[in-house]
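Novice: test case, fold it:
(one chain, ligands or ions: 1)
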Amino acid sequence: MTATKQWGTEPYWGLDFDLDPQWCLTPAQQDLQSQLIDLCQRVLRPNALKSDAELIYPRENFKALAELGLLGLLVPKAWGGLGENHTCAAMVVETIARYGCPSTAMCFTMHTGAVAAALFRAAENPELQSVLRRLDKDVFIGTLSYSDPETGSHFWYPTSSRAEALAEGWQVFKKASWTTSAGFADWYIVQTTSPDFDGNYSDLSCFLIYKDEVKAEPSKWDALGLRGNQSGTLEVNGVTVPLNRMVGPKGDGASSNDETVDPFFLLCSSACWNGISLGAMDIAKRHVTRKKHVDVGMRVADYPTIQDYFGEAIMDTNASRCFVFSMAKLMDELTGDCDWSIHQDLSAMPRAQYLHWYWQIKFIAAKNVAHVCDKMLHACGGSGFKKDMEIERYLRDGKAGWVMGPTNEVLRQFVGKYALLGGFEALDYWNQSLNERVLHNELKKMDADEKRALAAQLLAEAEAMNGKVVAIA
Ligand SMILES: Cc1cc2nc3c(=O)[nH]c(=O)nc-3n(C[C@H](O)[C@H](O)[C@H](O)COP(=O)(O)OP(=O)(O)OC[C@H]3O[C@@H](n4cnc5c(N)ncnc54)[C@H](O)[C@@H]3O)c2cc1C
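Specialist: Got it, this is the predicted structure:
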């Protein structure tokens, strides 16, 4: 028999546990979920209102999460963490977004991505281990700084960043257009091209950078939703860091991205969008079951139209949740319940084989949240349009799902291209493979003089590249 959900001393006013896929969670994870719902009721949700209204970074909420040990959720017990798995991470983010604060859920998502990137290569790195041991004790918040001002949502392509090898360490230059928690986080995983970069953008490296080494501009952050998330610009301007601040070996950036950053970001952010969908349904349920129309003697919830809105929103959202939890369970299975010691073998990349599945969960959850929040606003009528009901905040927060990189436009094309044109190779992340069909089609349109002019230009370019004279036939 499913327990009744509590909200402080009262029964919860939203959807109850019978509509949650609780079978995905162990009894210990269900217990953690109850403690987290309680924390959301007491601390996170009241703070969410202020964060949204006054653009306040949710550090107070992180302090509360640290009391439950959640900053070190994925960290092995031997290093002071909870040693939890992917399923638990998805549950925690969904719960924070639903009952507490979506901005906090997104900052926590980025923290979790950074923790995963650190855990991936911590075995041989005492500096990374010391960060991981501090997470809850010092409320030591991490984040991911990837997106580049020149390449938009193609965050895997950092043209404005680089690193140089010095005798005493690495000199890091990073320019990021967006970084959740920028200026508020205590540590950052930043991605740059590798030292000795030779023009191949797939050669990437990651660095651990501390708060006092970055420049951020939080005063410029003002956005439609996730207003506490503070995803501003970030700069690391030629800071020299010791050798052990490179995360993993030189050139490990793409592996780090495929094995940790993408899987954890996509899993947790999908859980965040699902949590926002559920939060909007909860608020709307409270309203439509209480509001009466005296003329017809019915509550709003008694209209079949409103019942249809809820039926569809619940089914679509639970399909998305079950999809997310199914990916989390797969990752648990592949990694022995998130056992980080498997990465002592540097070539172990079990999560990366399933990358397009993570893209799929993000696409579905981000598409669904926009639709569900819209329908819940419709269900609440004009009352939902006003700020005090909080539906409009959930709607604004949920809008971030579609546009956050990898954007839903990019994801649907990646998955379609993967399926039709021959797997991951066809995606050409770093713009390296030639599309001969396009090339020949364009050449067909040129007359003889245009072809000669192009040939001369290409030969001159080839000459410059090779540093030798090429004879024109
Ligand atoms: C709330 C929030 C938090 C964020 N936090 C972080 C963070 O912590 N760390 C971080 O590194 N980044 C973060 N980002 C940045 C994010 O990942 C993207 O880099 C950013 O949203 C890109 O914005 P842009 O204006 O440059 O979009 P653009 O890339 O310019 O996109 C504009 C449009 O072009 C479309 N488009 C782009 N490429 C293609 C393509 N190949 N095919 C078809 N259409 C395409 C897009 O889908 C979109 O419709 C965050 C973003 C948001 C909104």
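Novice: what does the stretch 251-400 of the chain put close to the ligand?
Specialist: Of all the residues in the stretch 251-400 of the chain, those in contact range of the ligand (CB under 6 Å from any ligand atom) are A400. (Each C-beta comes from the backbone N, C-alpha and C, glycine too.)
Novice: where does pLDDT dip in the stretch 251-400 of the chain?
Specialist: Across the stretch 251-400 of the chain, nothing is flagged by pLDDT under 70.
Novice: once you drop chain neighbours, what's closest to the residue in it positioned nearest to the ligand?
Specialist: Of all residues in the stretch 251-400 of the chain, A400 sits closest to the ligand, at 4.3 Å by CB to the nearest ligand atom. Sequence neighbours aside, L226 is the residue nearest to A400 in space, at 4.9 Å (criterion: CB to CB, 6 or more residues apart in numbering).
Novice: quick check: that neighbour vs the ligand, distance?
Specialist: L226 is 5 Å from the ligand, where distance means CB to the nearest ligand atom, to the nearest Å.
Novice: assign that residue to helix, strand or coil.
Specialist: L226 falls in the coil class when you classify it by DSSP: H, G, I helix; E, B strand; the rest coil.
Novice: so it sits against D397, correct?
Specialist: Yes. Counting by CB atoms under 8 Å, L226 does reach D397; the two are 5.2 Å apart.
Novice: more crowded one of these two?
Specialist: Set L226 next to D397 and count neighbours by other CB atoms under 10 Å: D397 wins out with 32 against 28.
Novice: isn't the more buried one up against G228?
Specialist: No. The pair D397 / G228 is not scored as a contact, 9.5 Å apart, by CB under 8 Å.
Novice: can you check which residues contact both of the two?
Specialist: With contacts defined as CB atoms under 8 Å, 6 or more residues apart in numbering, the residues shared by D397 and G228 are S103.
Novice: contacting residues around the closest residue to the ligand within the stretch 201-350 of the chain?
Specialist: When scored by CB to the nearest ligand atom, the stretch 201-350 of the chain has S231 as its residue closest to the ligand, at 3.5 Å. By CB under 8 Å, 6+ apart, the contact set of S231 is 178-182, 221, 223.
Novice: show me where this structure has its strands.
Specialist: 6-7, 10-11, 142-145, 162-166, 169-179, 187-193, 204-210, 215-216, 232-241, 292-293, 298-299 (DSSP state E).
Novice: the last one packs against which elements?
Specialist: The one in question is strand 298-299. helix 262-290, strand 292-293 (3 or more CB pairs under 8 Å, 6 or more residues apart in numbering; DSSP states H and E).
Novice: who touches it?
Specialist: 288-293.
Novice: and the angle from the lengthiest helix in the chain to helix 262-290?
Specialist: When the chain is parsed with DSSP state H, its longest helix is helix 304-334. Angle, helix 304-334 to helix 262-290, by axes from the mean of the first three to the mean of the last three CA atoms, to 10 degrees: 150 degrees.
Novice: what parts of the stretch 101-250 of the chain come near the ligand?
Specialist: Contacts of the stretch 101-250 of the chain with the ligand, taken as CB under 6 Å from any ligand atom, map to 110, 143-147, 152-153, 155, 176, 178-180, 226, 229, 231.
Novice: got a quick ChimeraX command for the buried subset of those?
Specialist: Buried members of those, defined by 16 or more other CB atoms under 10 Å, are picked up in ChimeraX with:
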select :110,143,144,145,146,147,153,155,176,178,179,180,226,229,231
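Novice: ok, the residues of the stretch 101-250 of the chain next to the ligand vs E124, which is closest?
Specialist: L144 (21.6 Å; CB to CB).
Novice: contacts only, for the residue of the stretch 101-250 of the chain found nearest the ligand.
Specialist: For the stretch 101-250 of the chain and the ligand, the shortest gap (CB to the nearest ligand atom) falls at G152, measuring 2.5 Å. Contacts for G152 (CB under 8 Å, 6+ apart) come out as 177, 405.
Novice: just list whatever residues bridge to it.
Specialist: When assigned by DSSP bridges, G152 has beta-bridge partners D148.
Novice: please begin residue numbering at 14 from this point
Specialist: Yep, numbering from 14; the last one is G165 now.
Novice: so who does the most centrally placed residue in the chain touch?
Specialist: When CA atoms, centre = their mean is applied to the chain, the residue found nearest the centroid is F278 (3.4 Å). F278 sits next to 122-123, 126, 157 when contact means CB under 8 Å, 6+ apart.
Novice: of those residues, which belong to helices?
Specialist: Those of the contacts of F278 mapping onto helices are 122-123, 126, per DSSP H.
Novice: around the residue nearest to Y407 when sequence neighbours are not counted, how many other residues sit close by?
Specialist: Of all residues beyond its chain neighbours, the one nearest Y407 is A293 (4.3 Å), with distances taken as CB to CB, 6+ apart. Using other CB under 10 Å, A293 has 32 neighbouring residues.
Novice: give the contact list for A293.
Specialist: By CB under 8 Å, 6+ apart, the residues touching A293 are 385-386, 389-390, 404, 407-408, 411.
Novice: what is the nearest of the residues you listed to I109?
Specialist: In terms of CB to CB, no member of these lies closer to I109 than Y407, at 13.2 Å.
Novice: can you tell me the closest non-neighbouring residue to V152?
Specialist: A79 (4.8 Å).
Novice: G85 versus that neighbour, what's the distance?
Specialist: Distance, A79 to G85, using CB to CB, to the nearest Å: 8 Å.
Novice: so what sits against both of the two?
Specialist: With CB under 8 Å, 6+ apart as the test, A79 and G85 both reach 148-149.
Novice: more crowded one of these two?
Specialist: Neighbours were counted for A79 and for G85 using other CB under 10 Å; G85 has more, 23 against 18.
Novice: residue contacts, the more buried one?
Specialist: Counting by CB under 8 Å, 6+ apart, G85 touches 92-95, 128, 145, 148-149.
Novice: circling back to that earlier point, please identify the most buried of the helices and strands packed on strand 311-312.
Specialist: helix 275-303 (a mean of 26; mean count of other CB atoms under 10 Å).
Novice: ok now the longest helix of the chain, how far from the chain's centre?
Specialist: Put simply, helix 317-347 sits 19 Å off its chain's centre (CA atoms, centre = their mean, to the nearest Å).
Novice: buried ones in it, by neighbour count?
Specialist: By neighbour count on 16+ other CB under 10 Å, the buried set for helix 317-347 is 319, 322-323, 326-327, 329-331, 333-334, 336-338, 340-341, 344-345, 347.
Novice: what's the answer for stretch 353-364, then?
Specialist: Across stretch 353-364, burial judged by 16+ other CB under 10 Å covers 353, 356, 361-364.
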